[in-house]
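# could you look at this predicted model? Sequence included:
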Amino acid sequence: MSSDVAIVGIGIHPFGRTEGVSGRAQGAFAARQALADAGVEWSDIQFTYGGSHSAGDPDSLVSDLGLTGAPFINVHNGCGTGGSALISARSALMSGQYDLGMVVGFDKHPRGAFNTDPASLGIGEWYGQTGMMVTTQFFAQKIVRYMAEHGIGHETLAAVAEKSFALGALNPNAWRRKALTAQEILDAPMVNHPLTQYMFCSPGEGGIALVLARGEVAHRYTSTPVYLRSAEFRSRRFGSFEVFSPWTTPETLTGPTSDAAAAAFESAGIGPEDIDLAQIQDTESGAEIMHMAETGLCAHGEQEKLIAEGQTRPDGRLPINTDGGVIANGEPIGATGLRQVYETVMQLRGNAGQRQVPGAPRTGFTHVYGAPGISACTVLSR
Amino acid sequence: MSERRWVDDSLFVDPSETTSPTLAGARCPRCSTTTFPYQSGCPRCGGDAAERIALPTTGTLWSFTVQYFAPKSPYRGFEPFEPYGVGYVDLGDVCVEARLTVNDPAALALGMPMELVTLPAFAEGDVRVDTFAFAPQEVTA
Ligand SMILES: [Zn+2]
């Protein structure tokens, strides 16, 4: 694994709503924590990739962290921001140009559903004016079809969110820290049929930083390096069903999630059957169900049984979203993909406390999905 | 309200036809891929000479949801807000996303026959702004 890239330091600013603390300040908080975790100074960091969607220019963090002259590159790539920053940093280290770098992501979004201008995606104003420029409608329509095709019931949608809140309650950095029963989740106000309020994530706030090193020098910084075995990003191909689509193909042929996941497993030389725990995009509880199969972690239609048996809980056969996922943590766009990596490192180090996956897990998988049809996946191992 | 207009004329084959409209799609002459609304570029083969075609006015419901809260801007609707249905209708070569005239999920089912209708979307002063929508098809004996 000497040619791999290792994560040698991690930092987090708690997710949720932190009044009076800017997104930038949350990013700086996470960065300082990651530096301390790796036992290095900001002046040791040779380059940084930083991402934020709506909380300012990441490279302005240098005025808080120190003006060292090292390159700091801003990444602004929608839901793929964290994944893109991570992939860029990994390439910079694998090229041999650097030994030590940082990836930082933070955000702070206003309350309520994300608001997107159709023109920014090349769609006419009519689409938004008539009420179809709504992310949640996409996930609802995708799961309506999926539930019919694979015989999945509403109680499974509720069971996913019930697990998310139960794990959020065990995660000191989560936003939603109160467990809810499946019945409370089913009885909550409907947002988009068949999904209720508690089945959806909300835009939120938070910050994550990772210190990365070339695998060959990782042991200078930590006795518990976690290796980034692969990181792959894909955009949609023809025949995938995506958010903000005025039209789609009658037959869904492919999707960026399955493309990115397959590439990540192949380039890591580690298959889905070898994965000990996974963090996958759960924008709503249906997304967790669909992405379990799209990533290859299980077969289509197998999810309902796995979930009912508790196999996706930390002590199950296929632990999913062990920190409560975006349902319990909210979705600060710049930080959300990196939170999945943070949680995986916590688990592989054995530091995840009450939500720790038993049996000293060795491998983890992360997956983000977002508009306008992108996915980024990583495979990590001790 | 005496006057009306379409939310966007370019969505229709003949915007002056206000009661029985037809949606204008695009078909790639190279690979026959059909898209909506019209765009010259083909997302499948990269061609750049799509023909403007009239899409079928009937199809089947491919998927659906109901919007229970008022979206943020640029959404424009009537006050007070009424939940509305949204769905994809399979027109054979392409599925088109549209407002549905029905907002009760129990009255909607995958595969049910649907037909194109017009729907008042919002008002602009005295002008009623219409859009296209799909309604469950009336069964004629
Ligand atoms: Zn073509």
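That came in fine, so what should we check first?

# which residues does the residue of the stretch 151-300 of chain A found nearest the ion contact?
Among all residues of the stretch 151-300 of chain A, residue A:238 sits closest to the ion, at 9.2 Å; criterion: C-beta to the ion. The C-beta positions use only the backbone N, C-alpha and C, and glycine is treated the same way. Neighbour list for residue A:238: A:249, A:253-254, B:33, B:43-44 [criterion: C-beta atoms under 8 Å, 6 or more residues apart in numbering or on different chains].

# could I have the buried ones of those residues as ChimeraX selection syntax?
To isolate the buried members of the contacts of residue A:238 in ChimeraX, using 16 or more other C-beta atoms under 10 Å in any protein chain shown:
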select /A:249,254 /B:33,43,44
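
# tabulate the contacts of residue A:238 (JSON lines), appending distance to the ion, secondary structure and pLDDT.
JSON lines is the format used below for the contacts of residue A:238 (distance: C-beta to the ion, whole Å; DSSP: H, G, I helix; E, B strand; the rest coil; pLDDT from 0 to 100):
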{"residue": "A:249", "distance to the ion": "13", "secondary structure": "coil", "pLDDT": "96"}
{"residue": "A:253", "distance to the ion": "15", "secondary structure": "coil", "pLDDT": "84"}
{"residue": "A:254", "distance to the ion": "17", "secondary structure": "coil", "pLDDT": "86"}
{"residue": "B:33", "distance to the ion": "5", "secondary structure": "coil", "pLDDT": "96"}
{"residue": "B:43", "distance to the ion": "8", "secondary structure": "coil", "pLDDT": "94"}
{"residue": "B:44", "distance to the ion": "5", "secondary structure": "coil", "pLDDT": "95"}
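
# sorry, back to before: can you confirm the residue of the stretch 151-300 of chain A closest to the ion is in a strand?
No - in this structure, residue A:238 is coil, not part of a strand, as judged by DSSP: H, G, I helix; E, B strand; the rest coil.

# tell me the confidence at residue 2?
This is for chain A. With respect to pLDDT, residue A:2 scores 53.

# nope, chain B
Residue B:2 is given a pLDDT of 68.

# residue B:41: neighbour count?
13 (other C-beta atoms under 10 Å in any protein chain shown).

# so the nearest residue to it once chain neighbours are set aside, which of the three states?
Nearest non-adjacent residue to residue B:41, counting by C-beta to C-beta, 6 or more residues apart in numbering or on different chains: residue B:48, 5.3 Å away. Under the three-state scheme (three-state DSSP), residue B:48 adopts coil.

# same question, residue A:366
strand.

# name whatever forms a beta bridge with it.
residue A:279, residue A:378 (DSSP bridges).

# select the longest strand from the chain.
Went with chain A since none was named. strand A:5-16 (DSSP state E).

# that was the other one, I meant chain B.
strand B:113-124.

# can you list the residues that contact that one?
By C-beta under 8 Å, 6+ apart, the list of residues contacting strand B:113-124 reads A:129-131, B:1, B:7, B:18-19, B:21-23, B:57-61, B:76-78, B:87, B:89, B:99-101, B:128-138.

# repeat the analysis, applying 7 Å as the threshold.
A:129-130, B:1, B:7, B:21, B:23, B:57-61, B:76-78, B:89, B:99, B:101, B:128-137 (C-beta atoms under 7 Å, 6 or more residues apart in numbering or on different chains).

# direction included, what does that strand pair up with?
Strand B:113-124 has these strand partners (DSSP bridges): strand B:58-67 (antiparallel), strand B:127-136 (antiparallel).

# pick the most buried one from those.
Mean neighbour count, computed with mean count of other C-beta atoms under 10 Å in any protein chain shown, is highest for strand B:58-67 among the strands paired with strand B:113-124, reaching a mean of 23.

# how many neighbours does residue A:223 have?
Quick note: residue A:223 (other C-beta under 10 Å) scores 8 neighbours.
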